[in-house]
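Visitor: predicted model and sequence below, questions to follow.
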Amino acid sequence: MKNEYFPKIVVIENIVNEAPDVKTFTLRLKHESGGKLKYKPGQFMMLSLPGYGEAPFTFASRPASNGRFQITVKKLGSLTAALHDLREKDAVGIRGPYGNSFPLDKIENKDLLFVAGGIGMAPLRSLIQQVFKNRKNYGNVEIVYGSRSPRELVYKDEIISWQDNPDTDIHLTVDTPDETWGGACGVVCALFPKVKLDPKTSVVILCGPPVMIKSAIKDILKLGFRDSNIYASLERHMKCGAGKCGHCYIKGKYVCLDGPNFSYLEMKKLEINS
Amino acid sequence: MVLDYVFIAELFARTVSHALIIVKLLQMKKLFITKESLEELVKNLKKDCDEFIAPKKEHLDDIVFSDTKHSGGELSAYEGNSVVSPRAFLLPQTEEVFKIISAKGAKFKAIEEKTRRIFYGVRPCDMKAITLMRDFFADKFVDAFYEQKMERSIFIAIACASRCSKKSFCYEMDSGPVAKDGFDIELTPVKMGYLVDIGSKKGSKILKKNNKLFTKASSGAIKEAKAILERFGEAAKRIDYKKLARIMAQDKVKQSIWDDMGLRCVACSGCITLCPTCSCFSFMDRLENDRGARLRYCDGCIYAGFTRMAGGSAPIPNHKDHIRRFFEHKLNIDTLRYGRPSCVGCARCIEICPGNIDIRKFIEAVTKGAE
């Protein structure tokens, strides 16, 4: 009988400092753990660090043919702090993939609005990379991304390169600018008036801290976007990823099984706003 | 007038379902075992298992389930129910899910549950709870640890001749005084011994191996068993748990009821520790130098940190919503999900609660208030 709680072993191939206290790890399954990992953008893994336990992380890169995948991790607790101390060639465990993906069928040929706050860009990046890889399959793309300060924007160079894609607009903002910053200041919602997409047909995908998701959805609805076209990648305390441990349970749904991506329509039924 | 018809229809339905249970009882209970032969059976069963989990008096005269294969002292017959349900052996307070051979090198070793257990003397309410948990743990992803334990276990239930406590409401929740399924053998106590029900292939195997110990049941013994059910039925009315779930799903429970429960709950975790259907858990690693194991331990929604994340945000921060979540899960959500509630009426949570929160009174208040 398969033990769902037994991790596969992955090797850290590369570590990049994204921002203060934020690192991106490139991982690859060890051969004895079965070669490649099949996942879809929006899904997550349970990462095991022996001695520290497990924590959920969303795949931050699109599924690649070379079997490598990335996670972007902010140092917040004991496990993430220990993860930040690891080096290339160190091994960790993972389980998964778990959860649903972003609504991949629903977004084809649609105009897309991505809204991210801080480290919330990580889950969206897997989908954005996928969208730009198959650019013709999607309509106009606009990305609204904000963080506390310019230093805390993750994937900076990559985001700038996204601007080179056709029919793509990127809006960046920070709460507190520094001398290097010439862009917008303020919360992400303040940039919504710049969005030119048709609210009736576009799909919105959000990820960020709960306060951001809450206020961004409110403002997006005011602009006329439909609640069935708004999706958020939610974050909850999770221990198992398999709908058993009970931590992420909301009214009979498990964020790990039925989510982590929910439409705002579903969120309203669950009486949650972030 | 309409109400009268509804009442008569309900009464009729109740009488019919009651009669059906008795008919089933009459058809099935054909075997009998004396008290002396049962002692013999227990001796034989102990030889065929690694652990014999049976009720035993421990501490200050408490009845608890314990492995008595070698230590003995099991009660072949007993009044009341155990303080803790046998859940403690299927979802233990802590259990290893794999070994950590090297923490630094991320080397793990799988472990498999191979213990063959016989659970003896399980009460019908707990038997039902065990099967409800099996449904849950096999839903979508199979929990290998629960399922393997179930596959390697034999369950011998003992029906209840009388109510275990004034507060229990097993009959009302359709989970007592006899077990309907889940058991391999069920014993119903009568004056001279026990009526014997076989519930599975595992049960028939035991019967075949020990056939000298069993005899055909007399009609007198069958009548006695029938009287037990009638006694329970006379004094109680089944709870319409689907109606209850409907009221809760429509959010028609008065806010004052939830507020009152929030005030009374002191988050002692007695209810989640004793509830035979509570299944929430967490993991932790226990290391000595570089070696150790990942452990699963029982956790629960009453604890303040249950939903709190590393960054500090908690989606359900308020204490009164924790106890509400417990009630909603047991009575509302699981009824919608599985067609029955995850409360078997054992009353352990009522007995233990220092704030006098009473799930039975809650059910009464909610169903009455909505009429």
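Guide: Done, it's in.
Visitor: any chance you could map the strands in the stretch 101-250 of chain B?
Guide: In the stretch 101-250 of chain B, the segments counted as strands under DSSP state E, counting those that start in this stretch are B:107-110, B:117-122, B:153-158, B:185-189, B:193-198, B:214-216.
Visitor: check contacts around the residue nearest the centre of chain A.
Guide: The central residue of chain A, meaning the one whose C-alpha is nearest the mean C-alpha position (C-alpha atoms, centre = their mean), is residue A:123 at 1.3 Å. The neighbours of residue A:123, taking C-beta atoms under 8 Å, 6 or more residues apart in numbering or on different chains as the test, are A:41, A:42, A:44, A:58, A:59, A:60, A:207, A:233. For every residue, glycine as well, the C-beta is placed using N, CA and C.
Visitor: that one and chain B: what is the separation?
Guide: Shown here: residue A:123 relative to chain B, a distance of 15 Å by C-beta to the nearest C-beta, to the nearest Å.
Visitor: what is the burial count for the closest residue to residue A:247 other than its chain neighbours?
Guide: Taking C-beta to C-beta, 6 or more residues apart in numbering or on different chains, and ignoring the residues beside it in sequence, residue A:247 has residue A:237 as its nearest neighbour in space, at 4.5 Å. Burial of residue A:237, expressed as a neighbour count using other C-beta atoms under 10 Å in any protein chain shown, amounts to 21.
Visitor: now do the helices in chain A.
Guide: Using DSSP state H, the helices of chain A run over residues A:78-84, A:104-107, A:121-133, A:156-162, A:210-222, A:255-258, A:264-269.
Visitor: surely residue B:311 meets residue A:80?
Guide: No: in this structure, residue B:311 sits apart from residue A:80 without contact. The criterion is C-beta atoms under 8 Å, and the distance is 9.8 Å.
Visitor: tell me which of the two has more neighbours.
Guide: Shown here are residue B:311 and residue A:80; by other C-beta under 10 Å, residue A:80 has more neighbours (21 against 14).
Visitor: excluding its backbone neighbours, what's nearest that one?
Guide: The shortest distance from residue A:80 to any non-neighbouring residue, by C-beta to C-beta, 6+ apart, is to residue A:73 (5.4 Å).
Visitor: can you tell me how far the one you found sits from chain B?
Guide: Taken as C-beta to the nearest C-beta, the spacing of residue A:73 relative to chain B amounts to 10 Å.
Visitor: from residue B:285, how far out is that residue?
Guide: Counting by C-beta to C-beta, to the nearest Å, the separation of residue A:73 from residue B:285 is 19 Å.
Visitor: more neighbours: the two, which one.
Guide: residue A:73 (24 against 17).
Visitor: show me the contacts for the more buried one.
Guide: Under the criterion of C-beta under 8 Å, 6+ apart, the contact partners of residue A:73 comprise A:22, A:23, A:24, A:25, A:57, A:80, A:83, A:84.
Visitor: possible to save those as a markdown table with pLDDT and distance to residue B:48?
Guide: As requested, the contacts of residue A:73 are arranged in a markdown table below (pLDDT from 0 to 100; distance: C-beta to C-beta, whole Å):
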| residue | pLDDT | distance to residue B:48 |
| --- | --- | --- |
| A:22 | 97 | 58 |
| A:23 | 98 | 56 |
| A:24 | 98 | 56 |
| A:25 | 98 | 51 |
| A:57 | 98 | 47 |
| A:80 | 97 | 50 |
| A:83 | 98 | 48 |
| A:84 | 98 | 53 |
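Visitor: ok, so of those residues, who is nearest residue A:243?
Guide: Taking C-beta to C-beta as the measure, residue A:243 sits nearest to residue A:57 out of these, at 18.2 Å.
Visitor: count of neighbours near the closest residue to residue A:258 other than its chain neighbours?
Guide: Setting aside the residues directly before and after it, residue A:258 is nearest to residue A:100 in space (C-beta to C-beta, 6+ apart), at 6.9 Å. Each residue near residue A:100 was counted by other C-beta under 10 Å, and the total is 19.
Visitor: residue B:217 and residue A:7, how far apart?
Guide: From residue B:217 to residue A:7 the distance is 53 Å (C-beta to C-beta).
Visitor: what do you get for residue A:229?
Guide: Summarising the geometry, the distance separating residue A:229 from residue A:7, computed by C-beta to C-beta, is 36 Å.
Visitor: what's the local residue count around the closest residue to residue A:150 other than its chain neighbours?
Guide: Excluding its sequence neighbours, the residue lying closest to residue A:150 (C-beta to C-beta, 6+ apart) is residue A:181, at 4.6 Å. Number of residues near residue A:181 (other C-beta under 10 Å) recorded here: 16.
Visitor: and for residue A:59?
Guide: Around residue A:59 sit 27 other residues, with neighbours defined as other C-beta under 10 Å.
Visitor: my read: it touches residue A:68, true?
Guide: No: under the contact definition of C-beta under 8 Å, residue A:59 does not touch residue A:68, with a separation of 11.0 Å.
Visitor: quick one: residue A:192 from residue A:204, how far?
Guide: Taking C-beta to C-beta as the measure, residue A:192 falls 10 Å from residue A:204.
Visitor: which residues are common contacts for those two?
Guide: Residues touching both residue A:192 and residue A:204 (C-beta under 8 Å, 6+ apart) are residue A:220.
Visitor: need the residues that contact stretch A:176-187.
Guide: By C-beta under 8 Å, 6+ apart, the list of residues contacting stretch A:176-187 from outside reads A:146, A:148-151, A:171-175, A:190-191, A:212, A:215.
Visitor: of those - the most surrounded one?
Guide: If you rank those by neighbour count (other C-beta under 10 Å), residue A:146 sits at the top with 29 neighbours.
Visitor: isn't residue B:100 up against residue B:110?
Guide: No: counting by C-beta under 8 Å, no contact exists between residue B:100 and residue B:110, whose distance comes to 11.5 Å.
Visitor: ok, the two, which is more surrounded?
Guide: Shown here are residue B:100 and residue B:110; by other C-beta under 10 Å, residue B:100 has more neighbours (25 against 12).
Visitor: hey, where'd the helices end up in the stretch 251-371 of chain B?
Guide: Along the stretch 251-371 of chain B, the segments classed as helices by DSSP state H, counting those that start in this stretch run B:255-264, B:270-274, B:319-327, B:334-338, B:348-352, B:359-369.
Visitor: any idea how many residues pack against the spatially closest residue to residue A:251 that is not a sequence neighbour?
Guide: In space, residue A:251 comes closest to residue A:270 once its chain neighbours are excluded; the distance is 5.2 Å by C-beta to C-beta, 6+ apart. One way to gauge burial is a neighbour count; for residue A:270, by other C-beta under 10 Å, it gives 16.
Visitor: dump the residue contacts of residue A:270.
Guide: By C-beta under 8 Å, 6+ apart, the neighbours of residue A:270 are A:250, A:251, A:253, A:262.
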